[in-house]
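Undergrad: Sequence and predicted structure, then a few things I'm wondering about:
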Amino acid sequence: MKQRLFFISFFILIIAGISGAGDYNCEKVVSYTMNVSLDPGTKIVTGKEILTWKNPSDKPVSEMYFHAYLNAFKNSSSTFSKESYYGGSSSFLNRREKEWGYLDVKSIKGQSGGLFSDVDFKKSFEYVHPDDDNASDETVFKITLPTPVPPGKTAAFEIEFESKLPAKAPRTGFKNNYFFVAQWFPKVGVLIDGKWNCHQFHRSSEFFADYGDYDVSITVPKKYVVGASGVMTDSTENENGTATYRFQQECIHDFAWTAYQDYKVATRMFENSELPKVKMRLLYQPTHKKYVDDFFDATANTLKHYGLWYIPYPYPQITIIDAAYRSSAGGMEYPTLFTSGARWLSAPGTLWQRALTMHECGHQFWYGLVGDNEFENAWMDEGFNSYSDARCLMASYGNDLASKTYLSGNGFGIPIAFPYAPIDPRLKRIARYGHTFRLDSMNKFDWQFASHESYRANAYGKGSAMLWTLEGFLGEELFAKIMKTYATRFEFKHPVPQDFFNVVNEFAPQPMDWFFDQMFNGSGVLDYAVTKISSRPVLKEKGLYTKDGKTEYHSGDEKQKSEQFESTVLLQRLGDMKMPVDVKITFETGETVNQVWDGKELSKTLRFVRNSKILRADIDPERKLFLDINYTNNGLFRQKSSFAALRWANSWLYWLQHLLEVAAFFS
Amino acid sequence: MNIMKAFRRGYFLVNKNIKMVPIIYIVNLAVATILTIPMFATLNRSLGARAVREKMIQNFDYDWWSTFRLGANSFEKTIRPSLSSGFGTLFDNLQLLLNGKFTSFGIWILVFGVAYLLLAAFMNGGVIGIYADEKRPFTVSRFFSNSGFYFHHFFALLFAVVILFFVVYKFISPAIFGIINGFSRNWMSDRAVWFVNLAGYLVLLFIIAFINMIFDYAKIILVVEKKKSSWLCIWLGFKFSVKHFTETIGLYFLLAAVGLGLVLVFGLAQTFVQPTQIVMLVIVITIQQIFIFLKIGLRLDFYGAQMALYQQDQSTVRKLRKV
């Protein structure tokens, strides 16, 4: 035993030494020590948990709130089920008895020798519904303490629980003998300003918890490969054909794990002279061997760019999970572990698989390290991460390509990329969601948005467009400083929107509240357009003119050295949002005029007198304002040209001719 | 019966009556142009003076498309990135053939498709009539006279085939993939699921091809044997296709393979030539129209070769009867 303890300590020291880990500057509110065991037959995880919780507030606390999120998948009456069904997504509800899941808290009592030594809290155990009046929802419970926990003091609880994993539920559960175990244990809520922030499980939302230490021993049948948050510090083969793997990690705010006998394992080291080393451990599907390099490359690029731009990844290991096919576990983030995915057949030249890996890995920073409340301000991780992953994708790989998967469905599909249809990664989400921006303001809790699409539009699309627009408006260098400062200042903390706004205002040459008021509290959209250009010869003097008391007739035929043109450009603000915007006028001689329009009025007419006509006018020519939902109307030529229309009309004609011949096939 | 001999004979028949191809081609072009004119006008309104036209000359601008499609009505929605690729167009239509979602392109394209279907059924009578009486020289009036003469029969055959394909797309295809999805739902390998679905599509493709082939022979028998009943000809076409299964299906897939070869060659050619200047646009138009021309020729080749195969068989039968 002593030898084993020595070995474990030595191993932890080595890992810590490699990475510089252990220097986490985080306030540890919680500590979880768990022993859990998976029965692949019943799909049940049984566990014992010792939770130590420190009251971080300056007020005594007499109630404790916990998440019991697997109960979202217990029946059709949970808030999650109802929101899915009434939101138009009922496929989850089509399941058999053994495919539902639950979290059953068998017992919860005070740890012996602690503040509530041997107190049985099951008596005061009660499901509560802080977000809605759904009495059937069992995703949050509370217990009442016999005496309040004083500020700064610690309470410890021993909890026994049983987690029945659901089949293919969103981001957790099982498929055959594949297990992805997330949101699976009784997890204490977050105490903010003396009040519990512990939301129910919703369809449109993610998670929020406090930082602390996790020490989890997982017992599974020996043939299973296990991946989990943290670092594996010990493994033991048991006599009953099982094996126990111990994972530990300081300063994380959740813990997820996976077990599957067919996982293939690959490891690589991330090394960069300016950043700590990180071991990358990949668990991939047997048919996805060809993507191993892509998984590692995308992860390494994320650790590098996010690390240099924002904050270094401080943990010794990152675990990448290539989630099982149709398991519903792909594309999700957990501390030090994330799920990505791949399809065995993908169109060459497209970046979706690497983009997905980058996005989920990026959440290690925006969610993992900067721990915003995903229930209340999803844009603070999804928007920040969408902005950052597009930046990272561009820096690493350049443009993506448009693609289409033909005959898709049922697990089939022939993916084809279109090399002549490139996509700027910055625009993808804006293109997809731009026109949904106006349904809601960003200042809403996730489940309060008008629709799931509106939630995604505001969290991902508008959030990232706001940051791109800020970068364009303030300049790349200054904005980089702002982002780095914000990330550094709120590492291991729970920032709220105002924290970010304050950092921006601290660095910006002018207060930016006018911007955030429109962006964050408003549902207006930004759309500037050039709608008319004209260039006409300057009106010559014709008629009777009186000068010095003498009236003269001007015929208008007098010769001039060179013909002058008066040109006008009509600029319009078609959206509600107002921002100063650059305008560039190009004349036929090649001369350019750059101006700034404050963008406040509904329209503005610019006038120029030159010896040349206007060639074109562009509003926001360098595309700084990514919030502009229709960039197509930002540039206008004075003269029409039909070539582009002819080109695409011809392509369409060819398509239609071919289509008609398909019709003739049936004749 | 010799497949290659029938194949060569089909080529000979098309070549001998090559003037039929431009007639059908012109009809195809004319019908397509009627819809292309408003499409051009729409595109010109969207791109004519806009600065984005420069990007759209070089590439398909995804950003422009994202906005354009939101304001697009009916058939304008069929403008999409796949048009930028030589193969995109072909895959679009292969997908349509396999999933049978003919209304997915909007009502106007459906109306024009149905109109062309009727025109094609009308001209099929002309084509097969000319082939059946190949000793007489081709004249345009004979072509249209035959078209008119057989139209009521071919319309009946068209009616029958449309019902059959409705059954295929509405019931058989969902049944095939329902079964596949049922037993592969919990498979762990995406590759295995993909291949079993591919097998499903191959079965579906075979069913579609086989029905198409039966009706080809029905039309041929109707004209060659001067039958009065279209329904009887469907039965005879079926009987012939099944009795000489190896030859009929072999010839069908040989002709289909030629079509696939054409698709690959012309798809590649268009991928390498991008119409960013007027000269290149002319080259691309030429390549595309040659492809459509050849495709129509190949469709006529199907009738010619299948008729040759049928006539080979009938001459053998007659010889045997004499003996």
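TA: Yep, it's here. Residues are numbered from 1 along each chain as shown, chains lettered A, B, ... in the order given.
Undergrad: How many neighbouring residues does residue 72 have?
TA: I went with chain A, as the question did not name one. A:Ala72 is flanked by 30 other residues according to other C-beta atoms under 10 Å in any protein chain shown. C-betas here are computed from N, CA, C, even on glycine.
Undergrad: looking at chain B here, not the other one
TA: Neighbours around B:Ala72, by other C-beta under 10 Å: 16.
Undergrad: contacting residues around the nearest residue to it once chain neighbours are set aside?
TA: Closest residue to B:Ala72 in three dimensions, ignoring its sequence neighbours and counting by C-beta to C-beta, 6 or more residues apart in numbering or on different chains: B:Ile79, at 6.9 Å. Shown in contact with B:Ile79 (C-beta atoms under 8 Å, 6 or more residues apart in numbering or on different chains): A:Trp648, A:Trp652, B:Met39, B:Leu43, B:Trp65, B:Phe68, B:Arg69, B:Ala72.
Undergrad: B:Ile79 and B:Phe68: what is the separation?
TA: Per C-beta to C-beta, to the nearest Å, B:Ile79 is found 7 Å from B:Phe68.
Undergrad: Ok, A:Thr46 next?
TA: 57 Å.
Undergrad: Mind checking which of these two has more residues around it?
TA: It is B:Phe68, of A:Thr46 and B:Phe68, that has more neighbours when counted by other C-beta under 10 Å, with 22 against 18.
Undergrad: what about that one, which helix or strand?
TA: For B:Phe68, the host element (DSSP states H and E) is helix B:62-71.
Undergrad: Check the contact between A:Asn399 and A:Pro425; I expect there is one.
TA: Yes: if you go by C-beta atoms under 8 Å, A:Asn399 and A:Pro425 touch, sitting 7.1 Å apart.
Undergrad: Of these two, which one has the most company?
TA: A:Pro425 (20 against 16).
Undergrad: can you pull the contacts of the more buried one?
TA: Counting by C-beta under 8 Å, 6+ apart, A:Pro425 touches A:Leu351, A:Ala355, A:Asp389, A:Ala390, A:Leu393, A:Met394, A:Asn399, A:Asp400.
Undergrad: Now render those residues as CSV, adding distance to chain B, pLDDT and secondary structure.
TA: Formatted as CSV, the contacts of A:Pro425 follow (distance: C-beta to the nearest C-beta, whole Å; pLDDT from 0 to 100; DSSP: H, G, I helix; E, B strand; the rest coil):
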residue, distance to chain B, pLDDT, secondary structure
A:Leu351, 14, 95, coil
A:Ala355, 15, 96, helix
A:Asp389, 18, 97, helix
A:Ala390, 14, 96, helix
A:Leu393, 15, 97, helix
A:Met394, 15, 96, helix
A:Asn399, 10, 93, coil
A:Asp400, 9, 94, strand
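Undergrad: Would you mind listing which of those residues are buried?
TA: Neighbour-count burial (16 or more other C-beta atoms under 10 Å in any protein chain shown) applied to those gives A:Leu351, A:Ala355, A:Asp389, A:Ala390, A:Leu393, A:Asn399, A:Asp400.
Undergrad: what's the most distant pair in the residues you listed?
TA: A:Asp389 and A:Asn399 (14.3 Å; C-beta to C-beta).
Undergrad: circling back to that earlier point, nearest to A:Thr79, of the buried ones among the contacts of A:Pro425?
TA: Each of the buried ones among the contacts of A:Pro425 was checked against A:Thr79 using C-beta to C-beta; the closest is A:Asp389, at 29.9 Å.
Undergrad: The closest one contacts A:His359, doesn't it?
TA: Yes: using C-beta under 8 Å, A:Asp389 is in contact with A:His359, at 4.5 Å.
Undergrad: one step back: restricted to buried residues, select the contacts of B:Ile79 in ChimeraX.
TA: Only the buried entries of these go into this ChimeraX selection, using 16+ other C-beta under 10 Å:
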select /A:648,652 /B:39,43,65,68,72
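Undergrad: Now the two most distant members of the contacts of B:Ile79.
TA: B:Met39 and B:Trp65 (14.3 Å).
Undergrad: Tell me how many other residues surround whatever residue of chain B ends up closest to chain A.
TA: With C-beta to the nearest C-beta as the measure, B:Ala51 is the residue of chain B nearest to chain A, at 2.4 Å. B:Ala51: 21 surrounding residues under other C-beta under 10 Å.
Undergrad: nearest spatial neighbour of the residue in the stretch 1-150 of chain A positioned nearest to chain B, skipping sequence neighbours?
TA: Going by C-beta to the nearest C-beta, chain B is nearest to A:Glu99 of the stretch 1-150 of chain A, at 11.1 Å. Leaving aside its sequence neighbours, A:Glu99 sits nearest to A:Ala167 (C-beta to C-beta, 6+ apart; 3.6 Å).
Undergrad: what ranges do the strands span in the stretch 301-450 of chain A?
TA: Secondary structure of the stretch 301-450 of chain A, counting by DSSP state E, counting those that start in this stretch: strands at A:317-322, A:332-334, A:337-340, A:400-409, A:412-423.
Undergrad: Same check on the stretch 1-150 of chain A?
TA: Going by DSSP E, counting those that start in this stretch, the stretch 1-150 of chain A shows strands at A:30-39, A:44-54, A:61-67, A:102-110, A:126-127, A:140-149.
Undergrad: Could you export these to a markdown table, including columns for mean pLDDT?
TA: Shown next, in a markdown table, are the strands of the stretch 1-150 of chain A (pLDDT from 0 to 100):
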| stretch | mean pLDDT |
| --- | --- |
| strand A:30-39 | 98 |
| strand A:44-54 | 98 |
| strand A:61-67 | 97 |
| strand A:102-110 | 97 |
| strand A:126-127 | 97 |
| strand A:140-149 | 96 |
